[in-house]
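Trainee: Return atomic coordinates for the entry below.
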Amino acid sequence: MADYAQVNGAHMWYDERGDGEPVVLLHGGLTDSRSFFGNLDKLGDRFRLYLPDRRGHGRTADVEGPITMEVMAQDIIAFLDDVVGGPARLVGYSAGAGVALWVAARRPDLVTRLVLISGTFDPEGLIVRPVAGLEPPAELLAHYAEVSPDGADHFSVVINKIVESTDSEPGLTTGELNTVTCPALVMAGDDDIVTLEHTISLYRGLPNSQLAIIPNASHLLLFERGDLCVKLVTDFLTQDPTPTFMPMRRSPRPVEVA
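Mentor: Numbers count the residues shown, from 1 in each chain. Purely as a prediction, here's the structure:
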């Protein structure tokens, strides 16, 4: 069921499907919730699934003002409060993972579990960043123009806003990561545009986290290794972790080495 909601000044389009506990999927930058078709939308078989298009993306019109992580996080906080009606599991991909992480840092009461796929807590973790003034790939522009209420010519405006926020907005601090205590799964491709070092720092910065590095996968791991990604995310969202035989990071006592 597709609908619109007025959240934080944005007229946000979203789709809702399935039954059960709520899960919100947050798409990447310069794309929209269609990115989850054929992969993580399968979660609708187990959960009540929400797929919003963030401001300036997909079927949600742009709004005057910047498109920052803070603004988008406040949009999703309002979406959780007003549409979902309370806490949910958040699953974010790429820039959507950043938004999900900011939501969990700002309102930990609204996030029961957190999945961060190819995301960063600071733009410094990116090997490649968006650049203003370049002609976008024709396929990406056509994908935007197919559903955007703003029209194809507005795509450059959205790109420039995202570039500006990426260049100027500070990331989350280690202290802010430490406040996100809900169970978290950090996932990335082994050849991602997010550095492996940054992905490990994110994993280590979240107190209650698990790490999955997908082999033979790039930033497009949801398309390249979709079945594996869906299984890992489904298992994480539906199962509690079992104790390991030789824990180090999760050891209840400091590890002593002779």
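Trainee: use CA for all of it now, contacts and neighbours both
Mentor: Fine.
Trainee: For Trp13, give me its contacts.
Mentor: Taking CA atoms under 8 Å, 6 or more residues apart in numbering as the contact definition, Trp13 lies against 2-5, 52-54, 59-60.
Trainee: one more time with 6 Å, if that's ok
Mentor: Neighbouring residues of Trp13 by CA atoms under 6 Å, 6 or more residues apart in numbering: 3-4, 52-53, 59-60.
Trainee: what pairs with Tyr4 across the strands?
Mentor: Trp13 (DSSP bridges).
Trainee: Start at 29, not 1
Mentor: OK, 29 is where the count begins now, so the last one is Tyr32.
Trainee: What is the neighbour count of it?
Mentor: 16 (other CA atoms under 10 Å).
Trainee: Leu249 now?
Mentor: By the criterion of other CA under 10 Å, Leu249 has 23 neighbours.
Trainee: Against Gly217, how distant is it?
Mentor: Using CA to CA, to the nearest Å, Leu249 is found at 6 Å from Gly217.
Trainee: again with Ala132
Mentor: From Ala132 to Gly217 the distance is 23 Å (CA to CA).
Trainee: Gly179 too?
Mentor: Taken as CA to CA, the span from Gly179 to Gly217 is 33 Å.
Trainee: Looking at those two, which is more packed in?
Mentor: Neighbour tally, Gly179 and Gly217, criterion other CA under 10 Å: the higher count belongs to Gly217, 25 against 12.
Trainee: Next up, the contacts around that one.
Mentor: Counting by CA under 6 Å, 6+ apart, Gly217 touches 241-242, 245-246.
Trainee: Can you tell me which of those residues end up in strands?
Mentor: 241-242 (DSSP state E).
Trainee: Distance of Phe75 relative to Glu252?
Mentor: 24 Å.
Trainee: wait, I meant Leu68
Mentor: Separation of Leu68 from Glu252 (CA to CA): 13 Å.
Trainee: got it, and Glu197?
Mentor: 31 Å.
Trainee: got it, and Pro235?
Mentor: Separation of Pro235 from Glu252 (CA to CA): 29 Å.
Trainee: Please say which of those two ends up with more neighbours.
Mentor: Pro235 (18 against 15).
Trainee: circling back to that earlier point, for Ala173, state which of the contacts of Trp41 is nearest.
Mentor: Nearest to Ala173 out of the contacts of Trp41 is Arg87 (CA to CA; 9.7 Å).
Trainee: Quick check: closest non-adjacent residue to the closest one.
Mentor: Ser176 (5.0 Å; CA to CA, 6 or more residues apart in numbering).
Trainee: Let me see the contact set for Thr59.
Mentor: Counting by CA under 6 Å, 6+ apart, Thr59 has no contacts.
Trainee: secondary structure class for it?
Mentor: Three-state call for Thr59 (DSSP: H, G, I helix; E, B strand; the rest coil): coil.
Trainee: Also the one 4 residues further on?
Mentor: In three-state terms, and counting by three-state DSSP, Ser63 is helix.
Trainee: Understood, closing this out.
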